[in-house]
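just the structure for this:
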Amino acid sequence: MLKIRQLLQTLQEIEFAYRRGQTFKVNFATTWQCNSRCQHCNIWRIYIDRPEQVKQEVKLGEVEAIFKNCSRLTWVSLTGGEPFLRSDLVDIARIINECCKIKILSIPTNGLTPELIERKVTEIAKLKIPFTFISVSLDGTKEIHSRVRGVDLGYDRAIDTLTRLDAIGRDFENLSCGFEYTISPFNAGSLKLLIDDLNQRGLVSLVNKATVTITHIADFYRNESLASELDDTFKLKAIEDITEASKHMGRTSLNGLLGRVYLNTASKYLRTGQTPVSCTAARGSLFIDPYANVAPCTMMSKPLFNLRDTGYQLKPELLKEARQDLKTNGCPQCWTPCEAYQSLITNTSFFFKHLLIG
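Next up, the predicted model:
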């Protein structure tokens, strides 16, 4: 009962912040380092092509300066790249929590370093952020996942990581761990095979804690060459996966509730290409890259300004201009959980209507 009350209070806090025009969520790409070789995303190429640029990533002192000036945040997602390749990831989470007293922390991972991830997640869970979500990429059965992610033994390592995190989750009430399945032209239609495999491995508890997302074309992913493959055949197979995921999505957790509504609207998005609800970008939510560049969202990663040039202060006037530009020139029309989940929360009537449908 306490957890449900805390959940409702958090959702209300987000909605009120949005009504006041206050930023409540930041997607913070902590690094562009990545040890995957994904077919649908080319972030991993950045430091292969320009290895010296890793030195330009923000340091801990800068992280503190940034989040001291965003002290009213409710939700932070630490993304990448592969976030767990930052040796100071636990310190980043600690600093953000000290500065903002956040209610939600979400971190995706490719799961390729099980022992390292286990150790860091345990330390992060000890921060007692009320809703801490760790999602491990799993894009199909062993053969499919290894092909999509481009890493031998990638599936075995991801399963090892999931098993370890599932065990940790039993010790921390604030921690929820599951897998994230990204639908791409390289695995579309394969979710049922993956779920069957997880059930056979005794990991049935993870199935209803999945996050399902759809491959998008964006500067963030550096995958423009993939656009022609997101055709009608892909969309039909993607809808198969969405239908399958909807059968298993949980009903009692924040991630499960948001996931249900996301899936209930994802098929329509694939058919129409239109974002189902008004977006929070450049108002309720922002994207910050590893070099302290600020952008409206992950889909529009062209910088509005750099926090190093502003004394680590957000610039409300520039955010307002960006929001107006979105209204005038249109947004990219995405439906990825990184941007969709917070938009669902701030569209209350839409959220509960589609929650009841599921």
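
this structure: strands as residue ranges?
Taking DSSP state E, the strands of the chain run over residues 25-29, 75-79, 104-109, 131-137, 175-183, 211-214, 285-288, 293-295, 305-306.

closest to S87 out of those strands?
Of all the strands of the chain, strand 75-79 sits nearest to S87, with 13.7 Å by Cβ to Cβ. C-betas here are computed from N, CA, C, even on glycine.

could you dump the closest one to CSV, C-alpha only?
In CSV, the C-alpha atoms belonging to strand 75-79 read as follows (Å, rounded to 0.1, in the frame of the first residue of the first chain):
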residue,chain,number,x,y,z
TRP,A,75,13.3,11.7,-12.8
VAL,A,76,16.7,11.2,-14.3
SER,A,77,17.7,8.6,-16.9
LEU,A,78,21.4,7.8,-17.1
THR,A,79,21.9,6.6,-20.7
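
before we move on, the earlier item: and N264, which of the strands of the chain is closest to it?
The nearest among the strands of the chain, by Cβ to Cβ, is strand 211-214 at 11.7 Å.

which outside residues touch the closest one?
Residues from elsewhere that reach strand 211-214, judged by Cβ atoms under 8 Å, 6 or more residues apart in numbering: 135, 178-183, 191, 238, 241-242, 245, 255, 259, 262-263, 266, 269-270, 335-338.

same check, this time on stretch 123-137
With Cβ under 8 Å, 6+ apart, stretch 123-137 has contacts from 6-7, 10, 36, 89-90, 93-94, 97, 102-111, 117, 121, 149, 158, 161-162, 165, 168, 171-172, 174-180, 182, 211, 254-255.

buried subset of the residues you listed?
7, 10, 36, 89-90, 93-94, 97, 102-111, 117, 121, 149, 158, 161-162, 165, 168, 172, 174-180, 182, 211, 254-255 (16 or more other Cβ atoms under 10 Å).

okay, now the unreliable bits of this protein?
For the chain, the stretches flagged by pLDDT under 70 are 1-2, 358.

for it, what spans make up the helices?
Along the chain, counting by DSSP state H, helices occupy 2-19, 46-49, 60-68, 89-100, 114-125, 142-149, 154-169, 191-200, 204-207, 232-246, 254-272, 316-329, 337-346, 348-357.

check which helices and strands the fourth one sits against.
Okay, so that is helix 89-100. For helix 89-100, the elements it packs on are helix 60-68, strand 75-79, strand 104-109, helix 114-125, judged by 3 or more Cβ pairs under 8 Å, 6 or more residues apart in numbering; DSSP states H and E.

what angle sits between the third one and helix 89-100?
I take that to be strand 104-109. 160 degrees (axes from the mean of the first three to the mean of the last three Cα atoms, to 10 degrees).

in terms of secondary structure, what does strand 104-109 contact?
strand 75-79, helix 89-100, helix 114-125, strand 131-137.

which one, of those, ends up nearest to V63?
Short answer: helix 89-100, nearest of the helices and strands packed on strand 104-109 by Cβ to Cβ, at 5.5 Å.

now tabulate the strands of the chain in CSV and tack on distance to K315.
Converted to CSV, the strands of the chain look like this (distance: least, Cβ to Cβ, whole Å):
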stretch, distance to K315
strand 25-29, 15
strand 75-79, 19
strand 104-109, 25
strand 131-137, 29
strand 175-183, 32
strand 211-214, 30
strand 285-288, 11
strand 293-295, 8
strand 305-306, 6
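
which of these sits closest to I144?
strand 175-183 (10.6 Å).

now do the closest one: everything it contacts.
40, 108, 121, 125, 131-140, 158, 162, 165-166, 168-169, 187, 191, 194, 198, 206, 209-215, 237-238, 241-242, 245, 253, 255.

leaving out sequence neighbours, find the closest residue to L263.
Distances taken as Cβ to Cβ, 6 or more residues apart in numbering put S246 closest to L263, at 4.8 Å, once the chain neighbours are dropped.

my guess is the one you found meets T265, correct?
No: with contacts counted by Cβ atoms under 8 Å, S246 stays clear of T265, the gap being 10.9 Å.

more neighbours: those two, which one.
For S246 versus T265, neighbours defined as other Cβ atoms under 10 Å are more numerous around T265 (20 against 17).

quick one, what contacts the more buried one?
276-277, 335, 354.

T233: which of those is nearest?
Using Cβ to Cβ, the contacts of T265 come closest to T233 at W335, 19.0 Å.

next up, the contacts around that closest one.
So W335 contacts 214, 262, 265-266, 269, 275-276 (Cβ under 8 Å, 6+ apart).

in a markdown table: those residues, plus distance to T298.
Shown next, in a markdown table, are the contacts of W335 (distance: Cβ to Cβ, whole Å):
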| residue | distance to T298 |
| --- | --- |
| I214 | 13 |
| Y262 | 15 |
| T265 | 19 |
| A266 | 17 |
| Y269 | 16 |
| T275 | 14 |
| P276 | 18 |
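
closest one of these to C331?
T275 (6.9 Å).

what count of nearby residues applies to the spatially closest residue to the closest one that is not a sequence neighbour?
Sequence neighbours aside, Q333 is the residue nearest to T275 in space, at 5.0 Å (criterion: Cβ to Cβ, 6+ apart). By other Cβ under 10 Å, the residues close to Q333 number 14.

state the distance from Q333 to Q22.
In this view, Q333 and Q22 are 25 Å apart by Cβ to Cβ, to the nearest Å.

state the distance from K315 to L258.
In terms of Cβ to Cβ, K315 sits 30 Å off from L258.
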